[in-house]
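Q: this is a predicted model, with the sequence first.
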Amino acid sequence: MHLVADRGAIRRLLVDSDPGRLRLRSAATTTLALVLALTASYAFITVAGQPITVAMLGTIVAMQSAAAVKDRQQHSRVVTTLLLFFPAVAAVSLAATLSHFGKVADVGFIAVLFGAVWVRRFGPRGNALGMVAFISYFFALFLRATPSQIPVLAVAIAIGIGSTLLVRTLILPDRPAVEVRRLVRALRGASTAVLDVATERDEFDLALLRRRLDRLGETALMIDDWLDRHDAAQSLNVTSDDLALKVFDAQIAMEQLASMLWSLGPASSWPRGLQDAVAAVRVCLWPHPSEEQLRAARKSAAAASDRADLSGTEGIATVVAFRATQAHLALHHITTNALGASDPAEPEPTTPDDDADTGLNPSTKAAIQVAVATSAATILGELVSPDRWYWAVLTAFLVFTGVSTRGEILTRVGHRIVGTIAGVVAGVLLATLVGHHPLVQMLLLVTCVFCAFYLVTVAYAWLTFFVTVLLAMLYGLLGDFSVEVLELRIAETAVGGVVGIASAYFIFSTGTRTTFVEKVDDYLQKMTDLIGAAIASVVAPGGETDLVAETRRLDNALQAVVTAGKPLQMGPAVRSRRGVQRLLRGLQVSNRSAHALARAGVNAARADADTAPTEATATALHDAAAHVCDTIDSVRRVVDGAAVERTDKATSAVILTVAGTADIPPGPVRGAIRALSNLDRALLEVTARV
């Protein structure tokens, strides 16, 4: 019995941490590509009489091509993967040719590294081409390739890329309908977790509720990302806009329901109607309810909603529960009637060059940083070990991958050093236990590859840890394993990390705090835009609105704020660290109030034009929105470091009361009033505590 419970807990943990199994799919693709390439390359070198190092190059190219190609559409990913052959062969040829000229090969390596970073300006495709060129040159140096080996190495590269294409197109092709079903299932799981905390809490744990609400929002954003990559009409029985609206309804209804239920206290004290409505929501959140169960749940929630007394929170919560039931019912019907068609190729979204008129492109700045860092790492790395200097260069290059600010680079270096040290310890222990058993070493090597790419988005240290263990297994297979070699890896990693940090601080330095403030300003501007759009929809119902897309843009901007704030939360100053944490928490709370406001605007767009509020109410709403925008400006000034006078201004609800419009029936206007009031209160809390 305990074993079954443990398995269920592990399964829930995996689903919660990887909604839609996207990480699992990515790691499986990389691992399968590696296994296929290793098998095919080994067969090739056996027939051609080549050393095992040739097979290693094909295997590494397969792994890198599977991991680095990040184009949004399947067709574009295939094209990018095919194009990888050319920079890989060019890099190997250059390395093999320059290897006879001593230090000239090092200069060529730095030039390749510069180019690999510079081409990131061309988006995911440029980044993939650059990364494969870098790894190919690096391994050609590592394997001491000669010009006579270029044709053989080109074949190994073709085998590696062909293995990746085989996995992507035949073994694990894109399955949009399956992916979106899993994501919607994950949305239901996240909603269930929220409901569990809000209804069955044994103790007052508001932090847990907030974390689960954050997980709900992240899952909804992943579905939005799926919609960016696929046309829902090709895989489901709805359009992309309809699916986005249904997911939005389900998310916002659950956020509002959780907030109301939390304020009511234990479930035993709720009226029967609310209990029935919440029970109906739970049925709709089951993984595989029958049609009969769903119909009974909707009927029960509808009856409870009809009897609800809207003068109290319990009655409003009952209506919200009915709305959540309807939203999840709609999602059930959508995902159980999938069409199963494949998506047509879609054009890649273009990324505007925001830095065209503001000096050097960020990728050019990063390329110069990398060139300086890797040059210094080459010199210092050779002082530590003439044979293993490339590890210092590798670290100096990789700490700039995917990050830009000083704090992010410092964090990346810390993760890499910690992961390397832990990996060395684990590698030594495993190598001692395994001994020279090639089959076991190969199994561990493949396991390390899977774990590295499955956990890389959780923490960069995991990638470094498993790659270091992988190296220990690799050296064991080559008969070159020694503790001294792994100790050198720690020293070279530290050298590369220090050089990378120095370059980040002194070459085109990008301040962590400055970037964080810019991201907060962008988020607050998007919140201001959403408030304006929502109020415009509420005062003029029945019109067109893009509030769902506006809300997702707001959510993405909040994600950018959280990412930019992570290094600041690990800073040495306790006061500054806590200030950032309080600001982020306040913005996350206010974000859910903004969701509720957007929901009111969406409901108004669905209503008839003759339900428009009176002129007095419309004026009061505009005044309330202007007041909240003033509060947003206060938050912006606080974040910028300016002094803000603490005042107890009237909240939006009070403004409406003064205007004589407080007695408003349930509907978009009343929802907007409540949302503005909660949003204003949350933002005022930010200005008071940051």
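A: Now that the structure is in, tell me what you want to look at.
Q: and the nearest residue to L530 once chain neighbours are set aside, its phi and psi?
A: Take L530 and drop its neighbours on the chain: the residue closest to it by CB to CB, 6 or more residues apart in numbering is E550, 4.9 Å away. (C-beta placed from N, C-alpha, C; glycine too.) Main-chain dihedrals, E550, degrees, to the nearest 10: phi -60, psi -40.
Q: ok, T457 next?
A: Dihedral pair for T457: phi -80, psi -20, per degrees, to the nearest 10.
Q: which pLDDT value goes with it?
A: On pLDDT, T457 comes in at 82.
Q: ok, it touching L22?
A: No: between T457 and L22 there is no contact under CB atoms under 8 Å: 9.2 Å.
Q: break the protein down into its domains, please.
A: As given by automatic domain parsing, the domain ranges for the chain are 1-174, 178-335, 367-510, 512-689.
Q: all the helices of the stretch 351-500 of the chain, in order from the start?
A: Assigned by DSSP state H, counting those that start in this stretch, the helices in the stretch 351-500 of the chain fall at 362-384, 390-398, 406-434, 438-455, 460-478, 483-506.
Q: so can I have TSV of the ones you listed showing mean neighbour count and distance to S240?
A: Converted to TSV, the helices of the stretch 351-500 of the chain look like this (neighbours: other CB atoms under 10 Å; distance: least, CB to CB, whole Å):
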stretch	mean neighbour count	distance to S240
helix 362-384	21	31
helix 390-398	27	37
helix 406-434	20	33
helix 438-455	18	29
helix 460-478	22	33
helix 483-506	20	40
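Q: mean confidence for the helix or strand hosting V602?
A: Here V602, judged by DSSP states H and E, is contained in helix 574-606. Taken as a whole, helix 574-606 has an average pLDDT of 85.
Q: just checking, what packs against that helix?
A: helix 206-229, helix 240-264, helix 512-539, helix 547-565, helix 668-689 (3 or more CB pairs under 8 Å, 6 or more residues apart in numbering; DSSP states H and E).
Q: quick one, which of the helices of the stretch 351-500 of the chain is nearest to R636?
A: Minimum separation from R636 across the helices of the stretch 351-500 of the chain (CB to CB) falls at helix 406-434, 21.1 Å.
Q: give the closest residue to A371 in space, chain neighbours not counted.
A: F114 (4.5 Å).
Q: tell me the gap between the strand or helix carrying R636 and the middle of its chain.
A: Using DSSP H and E, R636 falls within helix 615-640. How far helix 615-640 lies from its chain's middle: 31 Å, per CA atoms, centre = their mean, to the nearest Å.
Q: compute the distance between I60 and S363, please.
A: For I60, the distance to S363 (CB to CB, to the nearest Å) stands at 24 Å.
Q: and what of F85?
A: According to CB to CB, F85 and S363 sit 23 Å apart.
Q: same question for Q74.
A: As judged by CB to CB, Q74 and S363 stand 26 Å apart.
Q: then G476?
A: 39 Å.
Q: circling back to that earlier point, weakest of the helices and strands packed on helix 574-606 by average pLDDT?
A: With a mean of 84, helix 668-689 has the lowest mean pLDDT of the helices and strands packed on helix 574-606.
Q: counting contacts, what elements does that one pack onto?
A: Under the contact criterion of 3+ CB pairs under 8 Å, 6+ apart, helix 668-689 touches helix 512-539, helix 574-606, helix 615-640, helix 652-658.
Q: now the second one: buried residues?
A: If I follow you right, that is helix 574-606. Buried positions in helix 574-606, judged by neighbour count with 16 or more other CB atoms under 10 Å: 579-580, 583-605.
Q: for the residue nearest to A371, what are its contacts?
A: F114 makes contact with 367-368, 370-371, according to CB atoms under 8 Å, 6 or more residues apart in numbering.
Q: got it, and L294?
A: Here L294 is in contact with 283-284, 329, 332 (criterion: CB under 8 Å, 6+ apart).
Q: relative to helix 574-606, how tilted is the helix holding R636?
A: For helix 615-640 against helix 574-606, the angle by axes from the mean of the first three to the mean of the last three CA atoms, to 10 degrees is 160 degrees.
Q: helices or strands next to helix 615-640 in the packing?
A: Against helix 615-640 (3+ CB pairs under 8 Å, 6+ apart) you get helix 512-539, helix 652-658, helix 668-689.
Q: mean confidence score for that helix?
A: For helix 615-640, mean pLDDT is 88.
Q: same check, this time on stretch 105-124
A: 88.
Q: do the same with stretch 283-290
A: Stretch 283-290 carries an average pLDDT of 89.
Q: for that stretch, buried residues please.
A: Buried, per 16+ other CB under 10 Å, within stretch 283-290: 283-285, 289.
Q: most widely separated two among those residues?
A: Taking CB to CB, no two of these sit farther apart than L285 and P289, at 8.7 Å.
Q: quick check: A620 vs T631, distance?
A: Here the criterion is CB to CB. By it, A620 lies 17 Å from T631.
Q: do T420 as well
A: Taking CB to CB, one finds T420 at 47 Å from T631.
Q: next: R582.
A: For R582, the distance to T631 - CB to CB - is 16 Å.
Q: again, but for T219
A: As defined by CB to CB, T219 lies at a distance of 29 Å from T631.
Q: likewise for L568?
A: Taking CB to CB, one finds L568 at 23 Å from T631.
Q: same question for Q149.
A: Q149 is 67 Å from T631, by CB to CB.
Q: wait, Q74 touches R175, no?
A: No: counting by CB under 8 Å, R175 is not a contact partner of Q74; they are 10.2 Å apart.
Q: more neighbours: which of the two?
A: Ranked by neighbour count (other CB atoms under 10 Å), Q74 and R175 place Q74 first, with 20 against 14.
Q: L584: what's it in contact with?
A: Contact analysis of L584 by CB under 8 Å, 6+ apart lists 561-562, 565, 569.
Q: any chance of those in CSV, plus distance to R212 and neighbour count?
A: What follows is the contacts of L584, written out as CSV (distance: CB to CB, whole Å; neighbours: other CB atoms under 10 Å):
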residue, distance to R212, neighbour count
V561, 20, 23
V562, 16, 15
G565, 20, 21
Q569, 20, 16
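Q: distance to I507 added to these, as a markdown table?
A: Compiled in a markdown table, the contacts of L584 are given as follows (distance: CB to CB, whole Å):
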| residue | distance to I507 |
| --- | --- |
| V561 | 26 |
| V562 | 27 |
| G565 | 24 |
| Q569 | 26 |
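Q: burial count for D546?
A: 14.
Q: that older thread, give me the number of residues near the residue nearest to L530?
A: Using other CB under 10 Å, E550 has 21 neighbouring residues.
Q: repeat for G49
A: With other CB under 10 Å as criterion, G49 counts 7.
Q: what's the answer for the one 5 residues further on, then?
A: Using other CB under 10 Å, V54 has 22 neighbouring residues.
Q: swap in the one 3 residues further on?
A: Residues contacting L57 under the criterion other CB under 10 Å number 29.
Q: same question, E291
A: E291 has 10 nearby residues by other CB under 10 Å.
Q: cool, and A549?
A: 14.
Q: thinking again about what came up before, need the helices and strands packed on helix 668-689 in CSV (columns: distance to D546).
A: Shown next, in CSV, are the helices and strands packed on helix 668-689 (distance: least, CB to CB, whole Å):
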stretch, distance to D546
helix 512-539, 7
helix 574-606, 10
helix 615-640, 18
helix 652-658, 23
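Q: for T30, which of those is the nearest?
A: Among the helices and strands packed on helix 668-689, helix 512-539 comes nearest to T30, with 30.4 Å by CB to CB.
Q: next, the buried residues of the closest one.
A: Result for helix 512-539 [16+ other CB under 10 Å]: buried residues 512-513, 515-517, 519-521, 523-524, 526-528, 530-531, 533-539.
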